[in-house]
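Chemist: below: sequence and its predicted model.
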Amino acid sequence: MNRKENVFNIVKNHKGNVSANEVAEALKLERSNVSRHLNELHREGRIEKINGRPMLYHYQEILPAEKNEQQPSDVFSNLIGTEGSLKIAVQQAQAAIHYPPRGLHTLILGRTGTGKSFFAECMYQYALESGRISEDAPFIQFNCADYAQNPQLLFAHIFGLKRGAFTGATEDRPGLIEKADHGILFLDEIHRLPPEGQEMLFTFIDKGEFRRLGDSEQIKSASVQIIGATTESTESYLLETFTRRIPMTITLPSLEDRQLEERYQLIEHFLVQESGRLNETIYVERRVLTAFLLYRTSANIGQLQRDLKLACAKTFLHYISKQTPTLLIEQKDIPIHVQKGLLDVKQYREKMDRLLDGEQTVFTFSHDEHGHRLFNQDQETNLYENIEKKLRELYKEGKNELDIQNELLVDFNQHFSEYIDHLPQIGVEGMVNEQIWRVTDKVYAYVEHELERTFDKKMKFAFALHLQGTVERIKQNNIVSHPNLNEIHKEYPKEFKASIEVAQMIGKELGVEIPLDEIGFIAMFLVADIEESLSKEEHKVGVIVMMHGNTTASSMLLTVQELLGVRHGKAFDMPLSMEVREIYTHVKRTIHEMEPTKGVLFLVDMGSLSSFGHMITEEIGIRTKTITMTSTPVVMEAVRKASLGRGLEDIYQSCRQLVESQFSVPSFSPKPIGKAIIAACFTGEGVARKIKEKLLEVVHGKEIEVISLQFLHRQSFVEKLDQLLEQYDIVAIAGTVQIDYKNIPYFSPMEIFQDAPLMRLQQLIGENEPYSEMVKTLESHFKMIPSVAKLIELIRSFIKTLELKLNLTLEAGVDMGIILHVAFLVENIRLNQPSRPFPNMQAFQDEYGTDLEIVKSTVHELEKEYDISIEESELMHIYQMFIENQCA
């Protein structure tokens, strides 16, 4: 028995009314799938529906007299909208098919994408089902637009062709009318049929007779019902004498004219269809579903289907490349024109709440369920590759030398300056060979005498690393252009002259010829400690404050600016009378004027304003982040950090933590499934390669990736690191650049090649292995949890936070048992299993009331993530596990 029949039997055997949730609980199915089957059963007349919140259903037995009156099910009964916006169209179609003796010729009107061709096919199927035409009756479909530029060929296709009618007509050929005899001929875009063709067609309609093109003698006859379809006004393109002979005109409504309930059913139908094609369950965020329900389409149902398919394809791409653990369609996955549907939420809020009842945040659309193995890769980059890549891009764009120099000037010099500034003071053993170091000593002995100033050890070490990479590149004939060579020569003639001598010195010592461009790089090492003006000030992250009310946002931002003594940030007030689309237009125009190269942080209060970030990113291409429930302290933190030049992710995380602390809600952001170690190297390939090779030895046989980052610009490096943190659990950072960031353990190059620190790294890696094994073991045991890995990470965060708040430490290995307990508890609650009682609850509450409140507040994030509520008795069981297994 299929799932739909199981749903029907539950309703039939249930005494009284039953909700979708109750049916879902009984069958252990997703509510959204059950709801779909209930709606189908209602449309088929098999169950009754009672509108309300929640929607209720009941079975009403049909009496024998009523059964006799019922019409047999037909193709139209399963058409979405048969009892709604298509009701009149369906009745007209049925009448056209039944009208004696052979049905009525019909014209279907409707805009592009309203389903005219599909409706014509339904008419044909209905004619078969009702016995109006024989089972072998043909259905011939033809688009008149295909031959609109060649009327003779168009007429030949429809009416047939006599040999010799025109050049190339070498044989007699039957037309579509003959092929459709005793059946239906569907002529799509019939308005593209020229007046002569319309006259030939209405002659056939009048008499049932026609002649093939080029035949003036033989008259042929056929019995054909003609269905035409057009997007155009009949008065503009069709002859009045032609339209008079087509008695039935059916108009199909546009998608905007159809009910929201029907639009939801269409979305549901297409997503289930895609789920079947992908053989995967598709999950859709509530905001995405809302956007698809409200956005304005130009091509109606056809466009809706294409946009949904595009979103599914994009999500599937993320899925198979291991960027997401499930096929979850998020707001960032849908096109900007679809996202703009969220701007209309305000005026449809009541309907949306009724349609998407409950607080469900993720909706499930499933045809079948299977899993996929995923994998991801990252590639190593370095300074020289970046320069060459940028140069190729600029040359490809056809820019001249001056434009290229101007575009590269700021980035390149800034990268170089921060490369020097952030090199750690570590030993060079195993990193620079003795010959290079000896040449470096000679070079700096010469330049210190020539330029009459001293250079620190860090500068010399940086130069040694650079020189080692340079020699390797020259030997490989891999020469890199210096984008600012002329500027260096003009601005620093003394240092440039010394660099020429240094190049000759290096050539003699190492047996290589130093090219002119490389002299520019040498000169930059000689001026880096005395000149920082080559680096222009970075653009700052844009901060935009948006709030409902006449002056809320502007007053808040002005207060912050006066307190901090800065003028950074933009405010947008949104009076309740203002349309969301209007403020979105203002915001978009302002961002265009700002040109925020480092991204924009949106600080909003609530509602549709929170969706602006995604839409701006899609439409303009600027990276954005959004903080909701914004307050004055949050705005102050954002403006303060942005004024200091901090990166977008850094500012966003600080503001987010501030919001969470204000509402006393602990943050349990789940770490992604993938784990990685970062090999951080701001120098040539050789050093990075050695570090990466060693790390690969350490992680051999483990599901941990080693990802190389080689950025000279520290801020860019941090921003790239933030992006990776969204995809990976970063176990450690190792390399030549010491990074103290988000408490991620750092290992220097020397430590990577020493036994004791290496053992510490191996221990770090090993800590995560049991949890990875746990995820693999549990994946097949959970039905209601989309991502077991995400659940495990959330529970781990919950346990660590609760240990801190309760001021206790669990015994080794106990956390594994608690994770299993809580994981199955979440699954059982989502399956609506009853909670376990706790003995002597009142006494336990009296003794541990304060601590139980801590447990209750700490578990809130877990409840919110999975839309559940954990009973007091279950919280007591969890707390008891903690206090009975704490270290003495």
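Modeler: Yes, it's here. Numbering: from 1, shown residues only.
Chemist: correct me, but residue 312 touches residue 273?
Modeler: No. Counting by Cβ atoms under 8 Å, residue 312 stays clear of residue 273, with 9.6 Å between them. For every residue, glycine as well, the C-beta is placed using N, CA and C.
Chemist: how about low-confidence regions in the stretch 551-700 of the chain?
Modeler: 660-673, 681-688 (pLDDT under 70).
Chemist: show me where it has its helices.
Modeler: Under the criterion DSSP state H, counting those that start in this stretch, the stretch 551-700 of the chain contains helices at 552-564, 580-594, 612-620, 632-643, 648-662, 685-698.
Chemist: format those helices as a markdown table; extra columns: mean neighbour count.
Modeler: Shown next, in a markdown table, are those (neighbours: other Cβ atoms under 10 Å):
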| stretch | mean neighbour count |
| --- | --- |
| helix 552-564 | 18 |
| helix 580-594 | 15 |
| helix 612-620 | 21 |
| helix 632-643 | 21 |
| helix 648-662 | 18 |
| helix 685-698 | 18 |
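Chemist: among those, which comes closest to residue 796?
Modeler: Residue 796 lies closest, by Cβ to Cβ, to one member of the helices of the stretch 551-700 of the chain: helix 648-662, at 17.9 Å.
Chemist: could you give the angle of the closest one to helix 632-643?
Modeler: If you take axes from the mean of the first three to the mean of the last three Cα atoms, to 10 degrees, helix 648-662 sits at 160 degrees to helix 632-643.
Chemist: the more surrounded of residue 312 and residue 273?
Modeler: Shown here are residue 312 and residue 273; by other Cβ atoms under 10 Å, residue 312 has more neighbours (24 against 16).
Chemist: now the more buried one. Its backbone dihedrals?
Modeler: Dihedral pair for residue 312: phi -60, psi -40, per degrees, to the nearest 10.
Chemist: quick one: pLDDT of the closest residue to it other than its chain neighbours?
Modeler: What sits nearest to residue 312 in space, not counting adjacent residues and going by Cβ to Cβ, 6 or more residues apart in numbering, is residue 274, at 4.5 Å. Note for residue 274: predicted pLDDT of 85.
Chemist: what's residue 274 in contact with, if anything?
Modeler: Neighbouring residues of residue 274 by Cβ atoms under 8 Å, 6 or more residues apart in numbering: 282, 308-309, 312, 365.
Chemist: and the furthest pair within the residues you listed?
Modeler: It's 309 and 365 that sit farthest apart of the contacts of residue 274, by Cβ to Cβ, at 13.1 Å.
Chemist: more neighbours: which of the two?
Modeler: The residue with more neighbours, out of residue 309 and residue 365, is residue 365; 25 against 15, by other Cβ under 10 Å.
Chemist: mind checking pLDDT for that one?
Modeler: 86.
Chemist: count the neighbours of residue 240 for me.
Modeler: For residue 240, the count of nearby residues is 8 (other Cβ under 10 Å).
Chemist: ditto for residue 86
Modeler: Residue 86 has 23 neighbours, counted by other Cβ under 10 Å.
Chemist: could you do residue 332 as well?
Modeler: Residue 332 has 15 nearby residues by other Cβ under 10 Å.
Chemist: tell me the SS of it?
Modeler: Put simply, residue 332 is helix when judged by DSSP: H, G, I helix; E, B strand; the rest coil.
Chemist: so the residue lying closest to residue 179 once chain neighbours are set aside bridges to which residues?
Modeler: Among residues not flanking residue 179 along the chain, residue 140 sits closest, at 5.4 Å (Cβ to Cβ, 6+ apart). Residue 140 forms beta bridges with residue 185, as assigned by DSSP bridges.
Chemist: these two touch, right, residue 140 and residue 186?
Modeler: Yes. With contact defined as Cβ under 8 Å, residue 140 counts as touching residue 186 (6.9 Å).
Chemist: with neighbour numbers in mind, choose between those two.
Modeler: Just comparing residue 140 and residue 186: by other Cβ under 10 Å the higher neighbour count belongs to residue 186, 26 against 19.
Chemist: check contacts around the more buried one.
Modeler: 117, 120-121, 124, 139-142, 227-229.
Chemist: buried members of these into ChimeraX, please.
Modeler: Only the buried entries of the contacts of residue 186 go into this ChimeraX selection, using 16 or more other Cβ atoms under 10 Å:
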select :117,120,121,124,139,140,141,142,227,228,229
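Chemist: out of the contacts of residue 186, which are inside strands?
Modeler: Residues of those located in strands (DSSP state E): 139-142, 227-229.
Chemist: quick check: closest non-adjacent residue to the most centrally placed residue in the chain.
Modeler: Nearest to the mean C-alpha position of the chain, by Cα atoms, centre = their mean, lies residue 333 at 2.9 Å. Using Cβ to Cβ, 6+ apart and skipping residues adjacent in sequence, the residue nearest residue 333 is residue 314, 4.8 Å away.
Chemist: and the next element down the chain from the helix or strand where the one you found lies?
Modeler: Residue 314 is part of helix 300-320, with elements assigned from DSSP states H and E. Next helix or strand after helix 300-320 toward the C-terminus (DSSP H and E): strand 327-329.
Chemist: partner strands of that next one, with direction?
Modeler: According to DSSP bridges, strand 327-329 forms sheet pairs with strand 282-285 (parallel).
Chemist: what's in contact with the partner strand?
Modeler: The contact list for strand 282-285 (Cβ under 8 Å, 6+ apart) reads 271, 274-275, 312, 315, 326-331, 361-366, 786.
Chemist: try it again with 7 Å
Modeler: 271, 274-275, 312, 326-331, 361-365, 786 (Cβ atoms under 7 Å, 6 or more residues apart in numbering).
Chemist: same check, this time on stretch 156-166
Modeler: Here stretch 156-166 makes contact (Cβ under 7 Å, 6+ apart) with 142, 147, 152, 169-178, 200, 210, 212-215.
Chemist: I'd like the average pLDDT over that stretch.
Modeler: Per-residue scores along stretch 156-166 average to 81.
Chemist: would you mind measuring the gap between the ends of stretch 336-354?
Modeler: The straight-line separation of the ends of stretch 336-354 (Cα to Cα, to the nearest Å) is 26 Å.
Chemist: now find how far off-centre that stretch is within its chain.
Modeler: Stretch 336-354 sits 19 Å away from the centroid of its parent chain (Cα atoms, centre = their mean, to the nearest Å).
Chemist: sketch out the low-pLDDT regions of the stretch 301-450 of the chain for me.
Modeler: 317, 320-324, 357-359, 368-432.
Chemist: the strands in it, which residues?
Modeler: Here the stretch 301-450 of the chain has its strands, by DSSP state E, counting those that start in this stretch, at 327-329, 362-365.
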